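> fold the following.
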Amino acid sequence: MTLTFKIQIRGIKKPPVWRRLEIPGSYTFEEFHLAIQESFGWWNYQLYQFEKSPFGNDWVVKKPDEDDAELDNDALDSEKTRVFDFLMKTHLTKFAYVYDFGDSWVQRCTRQNWWVSTSTLSHFSGCRAHVYSRYAEESSGERYGEKLREVRSKCGFGRSFRGERTDAKFIQ
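This is a model prediction of the structure:
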C-alpha cells in the first residue's frame, strides 16, 4: 500500500510552496514527519504535531513529551500511530501538520491517492515533486513570505517572479 499526499505551506500563495510525497502504508506519523522534513530541506530541530485543524481542539498526533504528559492525555503517539490506519478510522482526506510552534509553520496535508503497489516502498519515502523549495527552517513561517514579497518588489522582480523549482527526487 502506498499513500500520496500534497503538503502545502499555509499562508504562502505567490508562489505556493508544496511537496507531493508518496509514503508506504506502514509509515507511522513520526516517519511521515521525517519524510516531510527531508522533502522541505528542514533539520528536525523543532516540535511538531498533526491535527485536524491548526491549533484546534480536535485530535492530536505528536511525539510523546514527558514535560506535557499531563496536558495532552488524549494525544496519540506519533511513533506508534500508523498514518494509513488512522485515516481509515477517521475517513479524513485533509489535516494539518504544524512544525516549530514558535514560528508556526502550518502545512495542509491532503491525501491524494492510495494504491496497492507491486514494488515495495518499505525502506524509503518517494518525494515525487518539489516546487519552490527555498524556504529556510528558521525564517519565521508565514512572515517569511511577507518579507520575500517586500524584497522582490524592491528588487524589481514584481509579480512575474516564480521562485525556484527543483526537480523531482527520491529520498532514502
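
> and the strands in the chain?
Along the chain, counting by DSSP state E, strands occupy 2-13, 16-24, 48-51, 60-62, 76-77, 94-99, 105-115, 125-131, 165-166, 169-171.

> turn those into JSON lines, including distance to Ile36.
Yep, even glycine has a C-beta here, placed from its N, CA and C like the rest. As requested, these are arranged in JSON lines below (distance: least, C-beta to C-beta, whole Å):
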{"stretch": "strand 2-13", "distance to Ile36": "6"}
{"stretch": "strand 16-24", "distance to Ile36": "7"}
{"stretch": "strand 48-51", "distance to Ile36": "9"}
{"stretch": "strand 60-62", "distance to Ile36": "13"}
{"stretch": "strand 76-77", "distance to Ile36": "17"}
{"stretch": "strand 94-99", "distance to Ile36": "6"}
{"stretch": "strand 105-115", "distance to Ile36": "7"}
{"stretch": "strand 125-131", "distance to Ile36": "9"}
{"stretch": "strand 165-166", "distance to Ile36": "15"}
{"stretch": "strand 169-171", "distance to Ile36": "10"}
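
> adding distance to Trp42 and mean neighbour count, write these out as TSV.
Putting those into TSV (distance: least, C-beta to C-beta, whole Å; neighbours: other C-beta atoms under 10 Å) gives the following:
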stretch	distance to Trp42	mean neighbour count
strand 2-13	11	19
strand 16-24	11	21
strand 48-51	10	22
strand 60-62	17	21
strand 76-77	22	15
strand 94-99	7	20
strand 105-115	8	17
strand 125-131	13	19
strand 165-166	14	12
strand 169-171	12	12
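
> what ranges of this structure fall below the confidence cut-off?
For the chain, the stretches with pLDDT under 70 are 66-73, 116-172.

> and the gap between the closest residue in space to Phe29 that isn't next to it in sequence and Leu34?
On the basis of C-beta to C-beta, 6 or more residues apart in numbering, the spatially nearest residue to Phe29 that is not a chain neighbour turns out to be Ser78, at 3.8 Å. Between Ser78 and Leu34 the distance, using C-beta to C-beta, to the nearest Å, works out to 10 Å.
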